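# pasting a predicted model and its sequence here:
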Amino acid sequence: MATVFEISANMAMFRKPYTTTSSISYAFPPPTAIAGLICAIVGISNGSHIDSCSANYWEKLKGTKVSLSICSNLEWMRHSINFWNVKNPKKSPHIQVKHQFLRNPKYRIFVAGGIEPSLRHQLEKGYFVYTPYLGVAYALANINYIGTYDSEKVNTAFVTPDTVVPWCDDLKLGNVVDMGGVFKEQVPFQMDNRRALMKSISVLYPPTSETKVSIIEKGSLDVTRCGEHLVAWFPEW
């Protein structure tokens, strides 16, 4: 059983952790961001009111697996944001930091196992506990509940998932030119309760929302059919 919902906003930014002065965004919410979004909807506190480094919801996510598809073409915009100059305020009280944002992003999120029943309950009622946002607090998310579907295992070697594809060592891609190109990127997958990175994962995704990643040998990749969608799942948390 998989619960499906869509998230969208006027803007989003999922900052790559290795960027400092100029903040650069991932093209989609990595699994760590999806984890926070799910727990915001369900209402699991991260404990940051006690300790700003806390992320106490990870225990509640055990046994949960997720996937996502990019539903809108990637559009980027860049802005400079004013910050307090805490290092040398006497020289200048503010500094301007360049940020890269996604414009009008839209994603479809698939969730199965673990916390899925609690998430489905909240989405069916049509409300969330904590305010959901896309990466930054000023990018408020619109939530659209799609439904719940049975997951049918796909046993064929050749697949063209509708989602971002987690990389597996025994996975074999089709002709990249015929696909119109494909991006590969390393994204954070799981953190501990102190927000320290525990695991990252490589992913493949197409350059546009109209194209798909063609896989001629899926190997150990977990692929199921959820309604009309062919879903490539990230590993369980």
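Everything's here; your move. Numbers count the residues shown, from 1 in each chain.

# which one in this structure is furthest away from the centre?
K90 (40.0 Å; CA atoms, centre = their mean).

# and it, what element?
For K90, there is no enclosing helix or strand under DSSP states H and E.

# roughly how far does it sit from I81?
Using CB to CB, to the nearest Å, K90 is found at 21 Å from I81. Yep, even glycine has a C-beta here, placed from its N, CA and C like the rest.

# equivalent analysis for K218, please.
From K218 to I81 the distance is 42 Å (CB to CB).

# next one: F14
Between F14 and I81 the computed distance is 16 Å (CB to CB).

# more crowded one of the two?
F14 (22 against 14; other CB atoms under 10 Å).

# excluding its backbone neighbours, what's nearest the spatially most central residue of the chain?
Among the residues of the chain, the one closest to the centroid is P29, at 2.7 Å (CA atoms, centre = their mean). Once flanking residues are discounted, P29 sits nearest to F14: 5.4 Å by CB to CB, 6 or more residues apart in numbering.

# my read is the residue nearest to the centre of the chain is in a strand, agree?
No: under DSSP: H, G, I helix; E, B strand; the rest coil, P29 falls outside any strand and is assigned coil.

# how about the contacts made by it?
Going by CB atoms under 8 Å, 6 or more residues apart in numbering, P29 touches 7, 12, 14, 37, 68, 107, 134-135.

# closest to F234 out of these?
Using CB to CB, L68 is the member of the contacts of P29 that lies nearest F234, at 8.9 Å.

# does the closest one belong to a helix, a strand or coil?
Of the three states, L68 takes strand under three-state DSSP.

# okay, now it: neighbour count?
For L68, the count of nearby residues is 26 (other CB under 10 Å).

# need the contact list for the residue nearest to A157 when sequence neighbours are not counted.
Using CB to CB, 6+ apart and skipping residues adjacent in sequence, the residue nearest A157 is E217, 5.1 Å away. E217 sits next to 157-158, 170-172 when contact means CB under 8 Å, 6+ apart.

# same check on N144?
Contact partners of N144, counting by CB under 8 Å, 6+ apart, are 5-8.
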